[in-house]
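Chemist: The amino acid sequence is not available; the structure is as follows:
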């Protein structure tokens, strides 16, 4: 057994050295995992999630890199030589794998520019959903219907990005049609009251309710409401139905499309009894 | 109303909101009847219930830690002056469970409908709990179940007359005191220029003998970072 451990793999490096390095790296990986897990538990409610994830990645890879650099002499590697070799290899690999390098650079710019953060609701090109993770090479999106989508960072960086929660508040709009015979002032008053009663329909910027169009079948009221970005969809869903019910409860109806037809001559129609 | 109760015989009627604790086998069952029924099971042998006013930014959900008070009447302050006025603030009631030197939040409710607003602009402003308050030079007569009284010291450090219509506070530093008649808090506003003012809360009761409320953020063990808030988007509404 001792003889086996003493067998040289290359140069002065023995099997024992290789096993030792593997053990050290395994311990470093486990240690990095334990430390990052504990830091995550300690700071999860004290830091923003994207900042926490970035810090944990730095700590995790920092521990592994320090461990690796510390044991390179055991493998008979000269660090300065390794760096030169690494540099040359980097250039070669860079040319050989342009898309990987492109994704890497895009990832660095994404992390630097921060157009999106983990947890944000975004639309990148034709993919919409929640940002699950931003890695150095790719960005993970969980679509609204729960699908896992991995986007290369180059694509994310060069696509049009819409971040639905980048600003603290956003506006949404309804168009509510009422009959020409209904009192538009009364309808506006009812809608304003409902908006006032909803906690997340913001007081400022002030909501707007006004007659926006005299349509073919209805008087159209525009309803514009600001809500916190994290709540706007809930507010939008809740308020529209409340407006509809409250208007109807007050005798104001949302009409179907209709057209009044005038005949030049009295139409010759015969009334038929329904049997 | 506000105060301490034994876990086993807790029952209150707070302005129409009824809450009680019933024995449920080896456990207890907390029941609150208003805005629908809310129930929670408590696994404890004994303990105490604390009912007190808390920082008013928790309902209907935690969205912000800032409170905006819009004044019904603008307050005009002369240059280089100090004066005290009284405002009101909304009350949220916290039901805490206390046992073995630790407390936790059991329930939060309020008799005031919540409303939110933005201080600043929609791009980089701040979502705030919104409240409209009158201003008076004397202690206003308010229902302590609904409204608290805020004594505000306005210091105009600038060289110009200023009109104040809005105040924004970081609620993390809010200290609330109560007795049988009133719920109160002490705050200050330092007007530094025509556009910038600084607000903060003062840890001092309005009257001697008032009890200090258990702060929700202390109970939740959230570390407080700062107590002051710089109103950099102005205070004139």
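Modeler: Cool, got the structure. Note that the structure is a prediction, hence the values are computed from the model and not measured.
Chemist: got the residue ranges for the helices in chain B?
Modeler: B:216-219 (DSSP state H).
Chemist: Might you enumerate the residues of it proximal to chain A?
Modeler: Residues of chain B lying close to chain A by CB under 8 Å from any CB of the partner chain are B:59-60, B:63, B:113-118, B:122-127, B:130, B:222-223. All C-beta atoms are positioned from the backbone trio N, CA, C, and that covers glycine.
Chemist: Sort out which of the residues you listed are buried, if you could.
Modeler: Buried members of the residues of chain B next to chain A, counted by 16 or more other CB atoms under 10 Å in any protein chain shown: B:59, B:63, B:114, B:115, B:116, B:117, B:118, B:122, B:125, B:126, B:127, B:130.
Chemist: residues touching the third one, list them.
Modeler: For residue B:114, the set of contacting residues under the criterion of CB atoms under 8 Å, 6 or more residues apart in numbering or on different chains consists of A:199, B:59, B:60, B:90, B:129.
Chemist: what's the distance between the closest residue to residue B:9 other than its chain neighbours and residue B:3?
Modeler: Spatially, and ignoring its direct neighbours in sequence, residue B:9 is nearest to residue B:21 (7.9 Å; CB to CB, 6 or more residues apart in numbering or on different chains). To residue B:3, residue B:21 is 15 Å away according to CB to CB, to the nearest Å.
Chemist: The two: who's more crowded?
Modeler: residue B:21 (23 against 12; other CB atoms under 10 Å in any protein chain shown).
Chemist: quick one: furthest residue from the center of chain B?
Modeler: Centroid-distance maximum for chain B: residue B:25 at 36.3 Å, with CA atoms, centre = their mean.
Chemist: Quick check: phi and psi on that one?
Modeler: Backbone torsions for residue B:25, taken as degrees, to the nearest 10, come to phi 70, psi -120.
Chemist: Might you report the residue contacts of residue 153?
Modeler: Unless you meant another one, I'm taking chain A. By CB under 8 Å, 6+ apart, residue A:153 lies in contact with A:103, A:104, A:106, A:107, A:110, A:135, A:136, A:137, A:138, A:139.
Chemist: I was thinking of chain B, sorry if that wasn't clear
Modeler: Here residue B:153 is in contact with B:82, B:83, B:84, B:186, B:187, B:188, B:189, B:202 (CB under 8 Å, 6+ apart).
Chemist: And for the first one, nearest residue in space, chain neighbours not counted?
Modeler: Same thing as residue B:82. Spatial nearest neighbour of residue B:82, chain neighbours left out: residue B:155 (4.9 Å); criterion: CB to CB, 6+ apart.
Chemist: what does the third one give?
Modeler: Counting by CB to CB, 6+ apart, the nearest residue to residue B:84 once its immediate chain neighbours are dropped is residue B:153, at 5.3 Å.
Chemist: The fourth one too?
Modeler: Excluding the flanking residues, the one nearest residue B:186 by CB to CB, 6+ apart is residue B:202, at 4.1 Å.
Chemist: Break down chain A into its strands, ranges please.
Modeler: Here chain A has its strands, by DSSP state E, at A:8-10, A:13-14, A:121-124, A:127-134, A:138-143, A:148-152, A:161-163, A:169-178, A:208-214, A:219-228.
Chemist: Tell me if the last one is near chain B.
Modeler: Yes. Residues of strand A:219-228 are located near chain B by CB under 8 Å from any CB, namely A:226, A:228.
Chemist: tell me what that strand is packed against?
Modeler: strand A:169-178, helix A:184-197, strand A:208-214, helix A:232-249 (3 or more CB pairs under 8 Å, 6 or more residues apart in numbering or on different chains; DSSP states H and E).
Chemist: of the ones you listed, which approaches residue A:62 most closely?
Modeler: strand A:169-178 (38.2 Å; CB to CB).
Chemist: Helix A:232-249 and that closest one, what's the angle between them?
Modeler: Between strand A:169-178 and helix A:232-249, the angle comes out at 20 degrees (axes from the mean of the first three to the mean of the last three CA atoms, to 10 degrees).
Chemist: is any part of strand A:169-178 close to chain B?
Modeler: Yes. Residues of strand A:169-178 are located near chain B by CB under 8 Å from any CB, namely A:169, A:170, A:171.
Chemist: most neighbours, which of the residues you listed?
Modeler: residue A:169 (24 neighbours).
Chemist: got any ranges where chain A has weak pLDDT?
Modeler: Across chain A, the ranges flagged by pLDDT under 70 are A:1-2, A:78-83, A:85-86, A:90-97, A:275.
Chemist: sorry, back to before: what sits against the residue nearest to residue B:82?
Modeler: Contacts of residue B:155 by CB under 8 Å, 6+ apart are B:81, B:82, B:188, B:189, B:190, B:191.
Chemist: can you tell me which of those are in strands?
Modeler: Using DSSP E, those in strands are B:81, B:82, B:188, B:189, B:190, B:191.
Chemist: quick revisit: now the helices and strands packed on strand A:219-228 in CSV, with distance to residue B:214?
Modeler: Shown next, in CSV, are the helices and strands packed on strand A:219-228 (distance: least, CB to CB, whole Å):
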stretch, distance to residue B:214
strand A:169-178, 32
helix A:184-197, 31
strand A:208-214, 42
helix A:232-249, 31
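Chemist: With respect to residue B:106, which of these lies nearest?
Modeler: helix A:232-249 (25.5 Å).
Chemist: need the residues of the stretch 101-250 of chain A near chain B, please.
Modeler: Within the stretch 101-250 of chain A, the positions near chain B by CB under 8 Å from any CB are A:167-171, A:196-197, A:199-200, A:202-205, A:226, A:228, A:230-231.
Chemist: So in terms of bridging, what pairs with residue B:186?
Modeler: Beta-bridge partners of residue B:186, counted by DSSP bridges, are residue B:151, residue B:202.
Chemist: what residues are up against it?
Modeler: Contacts of residue B:186 (CB under 8 Å, 6+ apart): B:150, B:151, B:153, B:175, B:201, B:202, B:203, B:204, B:205, B:206.
Chemist: Write a ChimeraX command that selects only the buried members of these.
Modeler: Selection of buried members from the contacts of residue B:186 for ChimeraX, criterion 16+ other CB under 10 Å:
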select /B:150,151,175,201,205,206
